[in-house]
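how does the following fold in three dimensions:
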Amino acid sequence: MEGVTPGKQNQILGMSTVAFTVCFAVWTIFSILGVQIKQELGLSDTQFGLLAGTPILTGALSRIFLGIWTDQYGGRIVYFLTMIFAAAATFLLSFATTYEMMLLAALGLGLAGGSFAVGIAYVSKWYPKERQGTALGIFGAGNVGAAVTKFTAPFVLVAFGWQMVAQVWAIALVVTAVIFWFTTEDDPELKARKAKGIKAPGLKEQLEPLKNQQVWRFSLYYFFVFGAFVALALWLPRYLIGVYGLDIKTAGMLAAFYSVPASLFRAYGGHLSDRYGARSVMYWTFGVSLICLFMLSYPNTDYVIHGIKGNIAFSTQMGLVPFVVLVFVLGFMMSLGKAAVYKHIPVYYPQNVGSVGGLVGLIGGLGGFILPITFGVMNDLVGVWTSCFMLLFAIVVVSLLWMHFSIRAMEREAMAEQISGLPEFPEMQHVHSAEKHGRGTGALITDWRPEDPEFWKTTGNRIAQRNLWISIPCLLLAFSVWLVWSVVVAKLPAIGFTYSTDQLFWLAALPGLSGATLRIFYSFMVPIFGGRLWTTLTTASLLIPAFGIGYAVQDPNTPYLIFLVLALLCGFGGGNFASSMANISFFFPKAQKGNALALNAGLGNAGVSVMQFVVPLVVTAGVFGAIGGEPQRISGGAQLWLQNAGFVWVPFLLVTTALAWFGMNDIATAKASFKDQAVIFQRKHNWIMCWLYTGTFGSFIGYSAGFPLLAKTQFPEIDSLQYVFLGPLVGALSRAATGWISDRFGGGRVTLYTFVLMIAAVAGVLYFLGIKNQPGAFWGFFAMFMVLFFATGIGNASTFQMIPIIMRSELEHLMPSLNPADRLRQAEKESAAIIGFTSAIAAYGAFFIPKAYGSSISLTGGPEMALWGFLIFYVSCVLLTWFVYTRPGGLLHDIERGITPRSPTATPAQ
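The predicted structure is shown next:
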């Protein structure tokens with residue numbers, strides 16, 4: 001900072017802020033133009049959301065690269081070029097005449113949003129740490145450009161047309177770029193580096209901090225405070241026109257009441273962060289936003305209470321004035337939060353502001369892209385205007401909880417000794433000592449040595465087996481609840497629910513989407529909460545969708561939104577797999593870990609077939625008597641108790657929840673650092689195995705979710721629900737029973753031939769669907785799916801067998817400096833992390849496969865297009881397995897043929 005005067009700082013900050021304001025005005029131009037274009041081209045809400053979000057996508061994805069280039073080449077030149085390229089794309093937009101041309105122009109226009117990462121890295125280098133919060137807050141106030149567009153663009157649009165708006169905004173950006181170039185200079189750090197001849201940091205060095213969990217936590221915060229801000233800035237004019245019937249000029253003006261405070265007060269947020277700390281500001285941001293979003297998300301509702309003297313009717317609705325006030329408060333809190341997030345970055349990562357700030361900005365920008373599209377999709381599917389605020393409410397809840405528990409974990413780690421000396425309750429102070437209250441006994445195990453043969457024989461084996469056999473039924477029930485919609489949706493039309501086929505497939509697919517996403521987070525929960533507490537909580541959480549389904553299906557007037565929420569909540573069961581496997585892995589020694597995990601996973605997977613066998617039986621009888629509710633009438637006069645599909649799991653969940661709490665244990669030394677495991681994101685084989693395991697387990701879980709409804713829709717004359725449980729059962733049993741094949745012949749070769757078999761089976765399914773009106777076609781269709789399920793089970797075992805062998809082989813080249821023992825430990829740690837991560841990614845098959853069926857039927861009238869897509873995907877898996885692993889010269893070719901010995905203590909396939 002030597003030689004940097006306050007005048008120079010103010011000049012740089014002022015010009016950077018003006019440039020960012022203009023860039024932001026250009027970046028959000030579709031918030032006004034999009035409404036007019038939507039009317040001209042007759043776009044749906046989803047298409048409008050995609051058009052409005054496309055510039056946000058480019059602006060988000062470009063931020064990390066622009067941030068890195070700023071650290072390497074300087075902010076002045078990168079800022080100037082970014083504005084010039086964005087201006088060119090904006091000018092060309094005015095000549096677009098089709099939806100596709102507008103999407104293409106919008107991609108280039110989005111570079112204007114990438115300028116944020118450039119400005120953050122550039123401005124931060126002109127200020128000392130104690131003033132960076134205020135400086136970056138002032139710079140970030142350039143978000144007010146969104147309000148500039150809302151205030152002025154409607155008048156230009158009405159007077160001259162939307163094409164003139166694009167041209168004027170492009171010219172303004174070029175003028176700003178030229179002025180910026182002649183009134184700024186290179187930052188002090190770049191000048192010093194050039195003077196000393198020091199080379200700029202390389203890409204690998206710039207990306208190194210991205211392995212830290214903390215960076216991704218900051219990114220989630222910014223996903224809300226910035227991504228949601230951008231999304232609402234784009235969406236509010238549409239919302240105000242649709243809900244309150246305003247014209248575009250009035251809607252744009254009122255939407256500015258949100259954009260202005262969410263921009264200008266960012267400078268004040270930076271000042272508060274410098275003075276009181278960014279953490280306190282984030283707590284206030286999330287807390288107040290939670291209250292605002294709860295009120296905004298509540299839809300207009302009519303209530304009728306059956307009182308003693310008659311009905312009492314009243315309504316709840318939010319008028320325009322309170323809506324604008326709440327939006328103003330929400331925007332104000334978001335502005336404080338945006339400044340607080342970026343206060344953290346130069347303090348924690350002073351040498352990597354570009355890359356870290358770029359990543360955080362990227363995730364925030366992706367929020368601005370994903371959320372408008374999601375808002376449109378939710379409007380189309382749910383039909384409730386306030387659904388956008390419901391989604392934001394959920395994001396704030398997750399962000400607040402993650403922040404709070406992370407802070408508590410850091411505090412406990414920093415003050416472990418002092419905290420251990422505190423009583424659980426103040427009134428227990430007089431008995432608070434290890435001798436009196438027995439700390440380290442009972443559920444918490446402080447001495448755990450599974451690799452010690454004597455300890456394992458006398459103590460460890462008994463405890464580990466007890467935890468395993470409690471974990472198995474918990475996981476089995478989790479899989480049962482996770483996939484219960486696959487059967488329920490097939491029965492809904494019969495009892496009076498008039499949903500379209502695509503809506504039914506959405507219900508079957510959403511548990512897979514939420515379950516796969518939750519797996520990513522559940523993987524890290526056991527070390528934070530302990531296996532006993534987390535297993536208890538996650539098992540008990542399944543009671544919510546179980547009870548919810550039981551009550552919702554009894555009334556054909558239940559809103560579709562309720563079913564969507566219940567389908568998402570069923571994803572709790574899908575997330576349990578990751579935490580259950582992580583928990584059990586801590587209890588067993590290396591020699592028995594594979595078998596224990598196989599029992600936990602294999603018998604847990606069997607929950608799908610148990611559910612598909614049990615539910616069709618229990619819904620045909622009133623097994624709960626009067627407390628289970630009245631039956632539903634179906635055609636032919638028969639009765640159905642569909643509520644039993646949810647209620648049947650309740651007693652078992654209550655028992656297993658109690659068993660988990662009273663019978664399981666926590667291991668004090670069970671720790672898994674995210675930073676240590678994050679190295680897998682640099683391993684190419686992690687991503688390759690994600691692709692292959694999606695082909696095996698993703699297919700298993702996706703076919704399990706979609707098979708009942710697919711069979712019902714394609715062969716309605718067959719009562720297929722009494723047979724479909726066999727598919728998941730075959731897949732689960734083949735996974736446990738065929739592991740020896742991979743041990744004998746090699747996981748790579750088995751995986752290759754498994755995908756060949758799956759290609760043949762899908763071709764068979766397509767053949768029998770083509771002749772589905774002929775006698776016996778259903779049984780051919782059914783047989784081909786049994787082959788598919790059988791093959792997925794084999795592939796699940798073989799791909800997991802490949803991972804530890806791949807990593808032990810690779811680490812000989814990646815970490816040659818480690819001694820053999822340390823290298824083996826590193827390989828085991830990375831293998832475990834890759835197994836967990838691939839299982840999370842592959843679980844998205846439970847969403848994409850049923851959704852692909854639904855989309856294919858909606859677009860073409862049949863599922864064949866989706867099946868052809870699956871077949872092509874399996875072909876890619878065959879080629880990838882052969883090229884990388886099994887061909888002569890491939891990584892596993894010599895190992896699996898005994899030409900090169902395997903690394904020691906390879907994990908068995910089972």
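
separation between the spatially most central residue of the chain and Leu568?
By CA atoms, centre = their mean, the chain has its centre lying nearest to Thr517, at 4.5 Å. Separation of Thr517 from Leu568 (CB to CB, to the nearest Å) stands at 10 Å. Yep, even glycine has a C-beta here, placed from its N, CA and C like the rest.

and the helix ranked longest in the chain, what does it pack against?
Here the longest helix in the chain is taken by residue count, with DSSP state H as the criterion, and it is helix 777-814. Applying 3 or more CB pairs under 8 Å, 6 or more residues apart in numbering; DSSP states H and E, one finds that helix 777-814 contacts helix 684-693, helix 699-714, helix 726-737, helix 739-745, helix 747-770, helix 820-842.

can you tell me which of these is most buried?
Comparing those on average neighbours per residue, with mean count of other CB atoms under 10 Å, the densest one is helix 699-714 at a mean of 27.

how distant is the helix or strand harbouring Met390 from the center of its chain?
Secondary structure assigned from DSSP states H and E places Met390 in helix 387-414. Relative to the centre of its chain, helix 387-414 is centred 15 Å away, using CA atoms, centre = their mean, to the nearest Å.

stretch 42-61 now?
Stretch 42-61 sits 20 Å away from the centroid of its parent chain (CA atoms, centre = their mean).

state the mean pLDDT of it.
Averaged over stretch 42-61, pLDDT sits at 74.

quick check: buried residues in that stretch?
Going by neighbour count (16 or more other CB atoms under 10 Å), the buried part of stretch 42-61 is 43, 45-61.

and if you look at stretch 530-539?
Within stretch 530-539, the residues scored as buried using 16+ other CB under 10 Å are Gly530, Gly531, Arg532, Leu533, Trp534, Thr535, Thr536, Leu537, Thr538, Thr539.

show me which of these has the smallest pLDDT value.
Lowest pLDDT among those: Gly530, with 76.

where in the stretch 101-250 of the chain is pLDDT low?
For the stretch 101-250 of the chain, residues meeting the criterion pLDDT under 70 lie at 200-211.

and the strand or helix carrying Leu234 with helix 387-414, angle?
Under the assignment given by DSSP H and E, the secondary-structure element containing Leu234 is helix 229-244. Counting by axes from the mean of the first three to the mean of the last three CA atoms, to 10 degrees, helix 229-244 lies at 150 degrees to helix 387-414.

can you name the next helix or strand after helix 229-244?
helix 248-259.

quick one: contacts of that following helix?
31-32, 35-36, 143-144, 146-147, 150-151, 153-155, 157-158, 232-233, 236-238, 240-241, 246, 320, 324, 327-328, 330-331 (CB atoms under 8 Å, 6 or more residues apart in numbering).

can you tell me which of those residues are classed as buried?
If you count burial by 16+ other CB under 10 Å, the buried members of those come out as 31-32, 35-36, 143-144, 146-147, 150-151, 153-154, 157, 232-233, 236-238, 240-241, 246, 324, 327, 330-331.

check contacts around Ala117.
For Ala117, the contact set (CB under 8 Å, 6+ apart) comprises Ser62, Arg63, Ile64, Leu66, Gly67, Thr70, Gly354, Gly357, Gly358, Gly361, Leu362.

turn the residues you listed into CSV, columns for neighbour count.
Formatted as CSV, the entries for the contacts of Ala117 read as follows, by neighbours: other CB atoms under 10 Å:
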residue, neighbour count
Ser62, 27
Arg63, 28
Ile64, 25
Leu66, 28
Gly67, 32
Thr70, 29
Gly354, 31
Gly357, 31
Gly358, 33
Gly361, 30
Leu362, 24
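
restricted to helices, list those.
Among the contacts of Ala117, DSSP H puts Ser62, Arg63, Ile64, Leu66, Gly67, Thr70, Gly354, Gly357, Gly358, Gly361, Leu362 in helices.

can you lay out those residues as TSV showing distance to Ala25?
What follows is these, written out as TSV (distance: CB to CB, whole Å):
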residue	distance to Ala25
Ser62	18
Arg63	18
Ile64	23
Leu66	19
Gly67	21
Thr70	21
Gly354	24
Gly357	22
Gly358	22
Gly361	18
Leu362	21
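
by pLDDT, give me the weakest of those residues.
Ranked by pLDDT, those bottom out at Gly354, which has 64.

tell me which other helices or strands the helix holding Leu234 touches.
When contacts are defined as 3+ CB pairs under 8 Å, 6+ apart, helix 229-244 packs onto helix 30-41, helix 45-73, helix 145-160, helix 248-259, helix 320-348, helix 353-382, helix 387-414.

mind giving me the packing neighbours of the second one?
Where contact means 3+ CB pairs under 8 Å, 6+ apart, helix 45-73 is packed against helix 6-27, helix 30-41, helix 75-93, helix 99-109, helix 111-124, helix 203-207, helix 229-244, helix 353-382.

show me how far that helix is from its chain's centre.
The chain centre lies 19 Å from the centre of helix 45-73; the measure is CA atoms, centre = their mean.

same deal with the longest one?
Computed by CA atoms, centre = their mean, the separation of helix 353-382 from the middle of its chain amounts to 12 Å.

now it: buried residues?
By neighbour count on 16+ other CB under 10 Å, the buried set for helix 353-382 is 353-379, 381-382.

the fifth one now?
Taking 16+ other CB under 10 Å as the basis for neighbour counts, the residues of helix 320-348 that come out buried are 323-324, 326-327, 329-346.

Phe873 - how many residues pack around it?
For Phe873, the neighbour count with other CB atoms under 10 Å is 18.

Glu630 falls within a helix, correct?
No - in this structure, Glu630 is coil, not part of a helix, as judged by DSSP: H, G, I helix; E, B strand; the rest coil.

now do the residue nearest to it when sequence neighbours are not counted against Gln632, distance only.
For Glu630, the nearest residue in space outside its immediate sequence neighbours is Gln554; the separation is 7.3 Å by CB to CB, 6 or more residues apart in numbering. Gln554 sits 7 Å away from Gln632 when distances are taken as CB to CB.

mutual contacts of those two, please.
Between them, Gln554 and Gln632 share the neighbouring residues Leu642, with contact defined by CB under 8 Å, 6+ apart.

and those two? Which one has more around it.
Comparing Gln554 with Gln632 by neighbour count (other CB under 10 Å), the higher total belongs to Gln632, at 21 against 17.
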